[in-house]
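>>> sequence and computational prediction follow.
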2 protein chains.
Amino acid sequence: MSQSQLELRHLKTLLALAECGSVSQAAKRVFLTQSALSHQLKALEDHYGLALFERKTQPLRFTPAGERLLALAREVSALVAGAERDMARLREGEAGELRIAVECHTCFDWLMPAMDAFRQHWPAVELDIVSGFHADPVGLLLTRRADLAICSEAEAQDGVVYQPLFAYEMVLIMAKDHPLAAKPVWQADDLASETLIHYPVPDVMLDLVRKVLKPAGVNPARRTSELTVAIIQLVASRRGVAAMPFWAVKPYLDRGYIASARIGDSGLQSELYAALRQDDAALAYMRDFLHTVREQSFATLPGLSVLA
Amino acid sequence: MSQSQLELRHLKTLLALAECGSVSQAAKRVFLTQSALSHQLKALEDHYGLALFERKTQPLRFTPAGERLLALAREVSALVAGAERDMARLREGEAGELRIAVECHTCFDWLMPAMDAFRQHWPAVELDIVSGFHADPVGLLLTRRADLAICSEAEAQDGVVYQPLFAYEMVLIMAKDHPLAAKPVWQADDLASETLIHYPVPDVMLDLVRKVLKPAGVNPARRTSELTVAIIQLVASRRGVAAMPFWAVKPYLDRGYIASARIGDSGLQSELYAALRQDDAALAYMRDFLHTVREQSFATLPGLSVLA
DNA sequence: GTAAAATAATGAAATTGCCTCATGATTGTA
DNA sequence: TACAATCATGAGGCAATTTCATTATTTTAC
């Protein structure tokens, strides 16, 4: 009976719902419970006296009425985002500096589109990538050689805050005709006789080594390569196996170039955080950059999950 | 400290504020208290860390930040209005019938623009004006010769509901060189020796006669005319005085063609209601028509006030 | 210039409405 | 068929918004 009118909150929910395809997933995306969204959607349907979705399908389908509201949501949220950016610029000015230190190679896949979008919105902010791969990107922050560091762990450090970006699963990739290609889950032991292909970085930065192989005392042969496509090629050519983010290899899996398997029974989960100097955490363009990264990434990368 | 995010509610407040020029007036427009709006605006300013208005002026002025949010409000509310109309059409279909019975001559001033706007949004609804001026427009409703009646009083009647439109003040107009032209307030007695010019309708439909002259036992000479401009002409030519809605004569007052006075110490307040058959009251195009009338009228007519 | 009226700000109390929790129902899947 | 995942629903708690009561400020009128 609550005749509560339409609010931006509802539109945000609709957007999340369209992206996730299920109420429970969307709930995670907007940091509410499934129950909250269920109530919210029911209220919306009551308000308009129209069904907005067909619930009995997976992913759930929008009715024409739902589509109409979704279209509104897209239009409106773009306008609101623009206005809020303008408000931030009015408050803090247009200019600033944003030098990004990157620890992982694959990060470029999602970083580039996000940086492009950001550049549109903050043309006066100097955007840079700190070249080279540093074992300690957070150190660059404190020595003021970078303003933001992408890293996979949030180790407490004075004057530094960590903002969660997203979480994803690392999968093992192998040639399609690999003897174990049909095995859905690999354990550490399965890797003992394999050649592991990875980026040329220290072991501490390789989640597979640090979290799986080392604890199990397994030490396979190694081979390194700088480029993602090169690693894929090597794997497809049966020169070894590699652990890669699911979202990075999904296109190759879809095209049937390679096969993949889960690492360990519950999978190897990886997380990404952005580290900032505490003083910079409130800067509007910083917050907007992080927001853009999340938005762009969730929109384009498959299989991401939210990170509290 | 409430970091509550922007909601449509806030944007509606901003629109009302821009139209009214003061917090208390805007509060009436959105059916909240002045206090509620004051809190709401403060919360908005806190949220963005920016002043949105200069308070010390009358009417209050928007800062650049306020202007930016106001611009957003205009864009968004247009989109939302369009979407909500589409939702209504999805629910109830496009077509319908809307024959309007009008009791007062001046109503055409605001009815025409509203009808034009409505026609854009509901092209499939048959829009008509029931010709002639009927003493009992509500009767036309029950005999199904009209679907909506504009009237100045809400007399309870079975099967009929009254929706408030707006309230306004009737003023007395006279020639600029009339002996009493400088008198700011006229009483009934002042009219005893005047000629009263009015539309050719029964006395019960003339608020001045019914509410002021008859109670005071004053019965001035009369003269009638069909057209508003003709009445203005007669008044300017010293052939008599007339009672007209302020919003109808404001242009002529501004140009100095005529003078005006308040009727009675507290003014002669008039109200307008739309009467509908109870069954039709929930129809989307009916509700939208009423909404359009209010919106258009408040936007274009000076001196209106809200009617609960 | 002062008094009166209108308008705005503020804090506390009260209400409303939203969210979470707990649980049951439904759908899809092994 | 049973299990897992997703969704629905009602009750209860809590926080955000509104109102109320009052004070402060500005505008208007004389």
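That came in fine, so what should we check first? Numbers count the residues shown, from 1 in each chain, chains lettered A, B, ... in the order given.
>>> contact partners of stretch A:22-33?
Around stretch A:22-33, the neighbours that count as contacts under CB atoms under 8 Å, 6 or more residues apart in numbering or on different chains are A:12-13, A:16-17, A:19-20, A:34, A:36-38, A:41, A:58-60, A:298, A:305-306. C-beta: built from backbone N, CA, C; applies to glycine.
>>> quick one: buried ones out of the residues you listed?
Buried members of these, counted by 16 or more other CB atoms under 10 Å in any protein chain shown: A:12-13, A:16-17, A:20, A:37, A:41, A:60, A:298, A:306.
>>> now render these as a markdown table, adding distance to A:Met244 and secondary structure.
Supplementary listing: those in a markdown table, determined by distance: CB to CB, whole Å; DSSP: H, G, I helix; E, B strand; the rest coil:
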| residue | distance to A:Met244 | secondary structure |
| --- | --- | --- |
| A:Lys12 | 32 | helix |
| A:Thr13 | 33 | helix |
| A:Ala16 | 27 | helix |
| A:Leu17 | 30 | helix |
| A:Cys20 | 24 | helix |
| A:Leu37 | 33 | helix |
| A:Leu41 | 37 | helix |
| A:Leu60 | 31 | coil |
| A:Phe298 | 19 | helix |
| A:Val306 | 21 | coil |
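>>> pLDDT weak spots in the stretch 101-250 of chain A?
Judged by pLDDT under 70, the stretch 101-250 of chain A has its weakly predicted residues at A:131-135.
>>> and the helices in it, which stretches?
Ranges of helices in the stretch 101-250 of chain A, per DSSP state H, counting those that start in this stretch, are A:107-121, A:137-142, A:207, A:214-216, A:228-236, A:246-254.
>>> quick one: closest of these to A:Leu8.
Among the helices of the stretch 101-250 of chain A, the nearest to A:Leu8 by CB to CB is helix A:107-121 (19.5 Å).
>>> neighbours around A:Ser266, how many?
As a burial measure, A:Ser266 scores 9 neighbours (other CB atoms under 10 Å in any protein chain shown).
>>> look up phi and psi at it.
The phi/psi pair for A:Ser266 (degrees, to the nearest 10) reads phi -100, psi 10.
>>> and the strands in the stretch 201-308 of chain A?
A:221-224, A:242-245, A:258-263, A:268-277 (DSSP state E, counting those that start in this stretch).
>>> where's the residue in the stretch 151-300 of chain A positioned nearest to DNA strand C relative to B:Val102, distance?
Proximity of the stretch 151-300 of chain A to DNA strand C (CB to the nearest atom of the strand) peaks at A:Pro184, 10.9 Å away. Applying CB to CB, to the nearest Å, one obtains 76 Å for the distance of A:Pro184 from B:Val102.
>>> more neighbours, the two?
In this view A:Pro184 and B:Val102 are compared by other CB under 10 Å, and B:Val102 has more residues nearby, 21 against 7.
>>> and the gap between the closest residue to that one other than its chain neighbours and B:Val138?
Leaving aside its sequence neighbours, B:Val102 sits nearest to B:Ile150 (CB to CB, 6 or more residues apart in numbering or on different chains; 5.1 Å). For B:Ile150, the distance to B:Val138 (CB to CB) stands at 10 Å.
>>> overlap in contacts, those two.
With contacts defined as CB under 8 Å, 6+ apart, the residues adjacent to both B:Ile150 and B:Val138 are B:Ala275.
>>> could you give the bridge partners of the closest residue to A:Leu307 other than its chain neighbours?
The shortest distance from A:Leu307 to any residue other than its chain neighbours is 3.8 Å, reached at A:Pro164 (CB to CB, 6+ apart). With DSSP bridges applied, the residues forming beta bridges to A:Pro164 are A:Tyr273.
>>> what about A:Pro164, neighbour count?
A:Pro164 has 15 neighbouring residues, counting by other CB under 10 Å.
>>> then the one 3 residues further on?
Burial of A:Ala167 is recorded as 15 neighbouring residues (other CB under 10 Å).
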